[in-house]
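Colleague: build me a model from this:
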Amino acid sequence: MSRTLVLGGGFGGITVATELRRRLGNDHEVVLVDRSEAFSMGLRKLWEMVGEGTVAEGSRSRRLLERHGIDVRLEEVQTIDPTDFEADFLVVALGAEARPDLVPGLEEHGHDVWRKEGLPALTKALREFEGGRLVVAITGGPFPCPPAPFECVMLLEEWLRGRGLRDATELAVITFQPTLLPNAGAQGSAWLADRLDAVGIRHEAGRKVERIEAGRVVHPDGETRFDLLIGVPPHRPPAVVGRSPLGGEGGWVTVDPQTMTTAYERVYAVGDLTKITLANGLPLPKAGLMAELQGEVVAAEIAGKTARFDGHGYCYLEMGRARASLIDGEFFADPEPNVHVREPSSEYAQSKRRFEAERLDRWFSG
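Modeller: The predicted structure is shown next:
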């Protein structure tokens, strides 16, 4: 019997595992390793932040994958040797981790909603907030789901209005990036700027962060004052990946952008820990859907079918709880990604909720 070892149980790893079981049945053994029992999507953290649902409500035990015949092992991956592993195929899907420690002062003076562990302190701070300067700062990259910081600030704008605090709050989003949404091009960034302007959210691009001190973000050319700061930290691959032969510069794993193969035979990598550079020099956006689509390609390849990841992906950008926009991109286009931003609608907001519900049902139901 052939065997695939999958390291990591996020979007990419779960997709590889479940698709292999669907394609190959009991003739192929699938082992999935993850250190945490609970799976949830990143979107849940923003919803919990504004009191619209909880992470727990969207969480499922990875043990439920055993219903599909997957051997689930809740263990910490200690080492990765792409030349010696106990399987016919190895898939590394361990994602990327938030690293607020890379930004001096962020952990001491800001809140990180990109980690579930940061939610309790942030929600407490928001409940105690009575007005002032509330800043969402993108402090470094890359980070998962490029539109998410702007969802964060727009969800907060709506939440503040609901609490009667909007007039008492100066709301801003700042980013170190040269434009608000680099992968969406100048047109997409201008569109987003217009939406932020429409609800009175101040925004600044090209604001590199040197450090964060009490009440202020320090830039090379000035500062941004705040009473409450939500910081989006840079992300990096787990240390175990960086220590392995797979880890290249910064710990990222270089893959063939279409097949997700690595430099090692029968070894694949998918999701946020991969390094895929686009025609314009920017990295492929890191998002759960991208990892899922890459996982489908890897499962097909292992099953003996020809498949290719074409760089097409989409995501929903919430403008509040009732409306969302759709960002749809062909990211492998040359000379730069071909990205379309659709006008906000209630239908897209509902589609985002279905996105979560459909996958939780597909992966974890019996």
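
Colleague: so residue 298 sits in a strand?
Modeller: No - read with DSSP: H, G, I helix; E, B strand; the rest coil, residue 298 is helix and lies in no strand.

Colleague: and it, how many neighbours does it have?
Modeller: 29 (other Cβ atoms under 10 Å). The way it works is simple: take the backbone N, C-alpha and C, and place the C-beta from them, glycine included.

Colleague: is it true that it touches residue 266?
Modeller: No - using Cβ atoms under 8 Å, residue 298 makes no contact with residue 266, being 11.1 Å away.

Colleague: can you report how many residues lie near residue 64?
Modeller: 17.

Colleague: wait, it sits on residue 360?
Modeller: No - between residue 64 and residue 360 there is no contact under Cβ under 8 Å: 9.6 Å.

Colleague: which regions of the chain sit below the pLDDT cut-off?
Modeller: 366 (pLDDT under 70).

Colleague: what's the domain layout of it?
Modeller: 2-96+237-309, 99-234 (automatic domain parsing).

Colleague: quick check: end-to-end length of the longest one?
Modeller: Terminal residues of domain 2-96+237-309 lie 24 Å apart, using Cα to Cα, to the nearest Å.

Colleague: same question, the last one
Modeller: Using Cα to Cα, the end-to-end distance of domain 99-234 comes out at 6 Å.

Colleague: how far off centre is that domain?
Modeller: 16 Å (Cα atoms, centre = their mean, to the nearest Å).

Colleague: please apply the same query to stretch 23-35.
Modeller: 25 Å.

Colleague: quick check: buried residues in that stretch?
Modeller: For stretch 23-35, a neighbour-count test (16 or more other Cβ atoms under 10 Å) marks 24, 28-34 as buried.

Colleague: equivalent analysis for stretch 55-66, please.
Modeller: Buried residues in stretch 55-66 (16+ other Cβ under 10 Å): 55, 58-60, 62, 64-65.

Colleague: remind me, longest helix of the protein?
Modeller: Longest helix in the chain, counting residues (DSSP state H): helix 346-364.

Colleague: who touches that one?
Modeller: 14, 18, 39, 41, 43-44, 58, 60-61, 64-65, 67, 292, 316, 318, 321-326, 342 (Cβ atoms under 8 Å, 6 or more residues apart in numbering).

Colleague: which PyMOL command selects the buried ones in the residues you listed?
Modeller: If you want just the buried ones from these in PyMOL, going by 16+ other Cβ under 10 Å, the selection is:
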select buried, resi 14+18+39+41+43+44+58+60+64+65+292+316+318+323+324+325+326
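
Colleague: just the contacts of helix 346-364: which are in helices?
Modeller: Mapping the contacts of helix 346-364 onto helices (DSSP H) picks out 14, 18, 43-44, 292.

Colleague: which one of these sits closest to residue 191?
Modeller: Taking Cβ to Cβ as the measure, residue 191 sits nearest to residue 43 out of the ones in helices among the contacts of helix 346-364, at 21.3 Å.

Colleague: relative to residue 216, how far out is the nearest residue to that closest one once chain neighbours are set aside?
Modeller: Leaving out its chain neighbours, the residue that sits closest to residue 43 by Cβ to Cβ, 6 or more residues apart in numbering is residue 356, at 6.6 Å. The spacing between residue 356 and residue 216, counted by Cβ to Cβ, to the nearest Å, is 37 Å.

Colleague: before we move on, what about residue 50?
Modeller: Counting by Cβ to Cβ - residue 50 and residue 216 are separated by 25 Å.

Colleague: repeat that for residue 62.
Modeller: From residue 62 over to residue 216 the distance is 41 Å, taken as Cβ to Cβ.

Colleague: same check on residue 198?
Modeller: Applying Cβ to Cβ, the value for residue 198 to residue 216 is 28 Å.

Colleague: tell me which of the two has more neighbours.
Modeller: residue 216 (18 against 9).

Colleague: for that one, give me its contacts.
Modeller: 223-226.

Colleague: show me the beta-bridge partners of it.
Modeller: Listed by DSSP bridges, the beta-bridge partners for residue 216 are residue 213, residue 225.

Colleague: name the element the residue nearest to residue 247 when sequence neighbours are not counted belongs to?
Modeller: Leaving aside its sequence neighbours, residue 247 sits nearest to residue 241 (Cβ to Cβ, 6+ apart; 5.1 Å). Using DSSP states H and E, residue 241 sits in helix 239-243.

Colleague: that helix: which residues count as buried?
Modeller: Under 16+ other Cβ under 10 Å, the buried positions of helix 239-243 are 240-242.

Colleague: quick one: name whatever helix or strand follows it.
Modeller: Going down the chain from helix 239-243, the next helix or strand is strand 253-254, by DSSP H and E.
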